[in-house]
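Colleague: sequence unknown, structure follows:
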C-alpha cells in the first residue's frame, strides 16, 4: 500500500498524488457480478435537485457486493483476487465457494489471494480477517467491520476504506461497539460482523490536485452563498461584499458549521451510549 506523489510538471500535477493500489491483484471484474447503474444526479423522484453539486462523471458499472452472506453459512470460500471498485473507497475481494458460486465481499486488511473465508450463524468460526459471524461469537476487544444494525438486514456500519469498530463488551443481548467517529453504541448481539479492518487505508491520503479529477468523480462546482442573489440564498444580495450578518448556512437556512441535523427522536437513538466526538490534531475536543 502506498501513495505516489507526482513531479511538479504542471499546475494540476503540483499538488496531486495517486493511490498505487498495491493490494489489487485482479484487474478485470467478474462479468456475472456487474450491473448497470442509473444515476439521479442529485434529483429526487419528481426531478427536483435535493443534493447540490452532483452530476456528470465517468461511467461505471456497479459491482454486486454481498453484504449479507447469510446463505453462505458453512460453505468455504477461497479468495480469487482483490479488485479495485470505482463505486466505493474500499477494495473488494472476489470469493469462489466450493459449490462454484462467486461473490464479492469488502476486502479486509491482510486478506490475500488463496485465503479461505467462512461464514456461520450457529457456531463460532476462527476469528481471522474475512470470517463473518454474529457479534455474540466474536471475542471482545477485536476489530470488526461490515456490521449489521438489524439481524438479516445486511452490513451497514464500517464499510469504507480503513474503518473498523472495536467490540468492547456484551451485556443483556446487546454488544457495545466503539465506532470510528468516537460514538459508542449498542447493537443486537445477533447482528453479524466481519473480523478485521477494511483495507485500502491510504485512500484518505490521496490528494486530487485539480478540479478535473472531481468532475470525473461526478462532483460539480458549487457557488458560494455570498456570491448569489438574495432570493437564491440567505447569505446572498447586498451591495459589494457582505457576510450576510448570520451564521454560515445552506440555501434552506440549515447551519453549515455546528448545526445539528440528526433527529434525536429517531428509533434506535436510545442505543447510543455516547455521541460522536470532534477529533482535531489527534486530540479529543
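Modeller: Good, I have the coordinates. Every value quoted in this text rests on a predicted model; they were computed, and no experiment measured them.
Colleague: When you work out contacts or count neighbours from here on, use the C-alpha atoms and nothing else.
Modeller: OK.
Colleague: Low-confidence ranges, this structure, go.
Modeller: Low-confidence regions of the chain, defined by pLDDT under 70, span residues 1, 277-285.
Colleague: quick check: longest helix of it.
Modeller: Using DSSP state H, we find that the single longest helix of the chain is helix 211-216.
Colleague: In it, which residues have enough neighbours to count as buried?
Modeller: Neighbour counts using 16 or more other CA atoms under 10 Å place residue 215 of helix 211-216 among the buried residues.
Colleague: Quick one: end-to-end length of stretch 145-164, please.
Modeller: Start-to-end span of stretch 145-164 (CA to CA, to the nearest Å) is 5 Å.
Colleague: And the contacts of that stretch?
Modeller: Applying CA atoms under 8 Å, 6 or more residues apart in numbering, the external contacts of stretch 145-164 come out as 67-68, 70, 88-91, 106, 143-144, 165, 179-180, 187-188, 190-203.
Colleague: Show me the strands in the stretch 101-250 of the chain, by range?
Modeller: 102-106, 116-117, 132-134, 143-145, 147-148, 155-157, 165-171, 174-178, 184-188, 192-195 (DSSP state E, counting those that start in this stretch).
Colleague: Of those strands, flag the one that's most buried.
Modeller: Mean neighbour count, computed with mean count of other CA atoms under 10 Å, is highest for strand 192-195 among these, reaching a mean of 30.
Colleague: just checking, what packs against that strand?
Modeller: For strand 192-195, the elements it packs on are strand 132-134, strand 143-145, strand 147-148, judged by 3 or more CA pairs under 8 Å, 6 or more residues apart in numbering; DSSP states H and E.
Colleague: partners of that strand in the sheet?
Modeller: Strands adjacent to strand 192-195 in the sheet, as given by DSSP bridges, are strand 132-134 (antiparallel), strand 143-145 (antiparallel).
Colleague: The ones you listed into JSON lines, with extra columns for distance to residue 84?
Modeller: Shown next, in JSON lines, are these (distance: least, CA to CA, whole Å):
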{"stretch": "strand 132-134", "distance to residue 84": "22"}
{"stretch": "strand 143-145", "distance to residue 84": "18"}
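Colleague: can you tell me which residues contact residue 255?
Modeller: Residues near residue 255 by CA under 8 Å, 6+ apart: 247-249.
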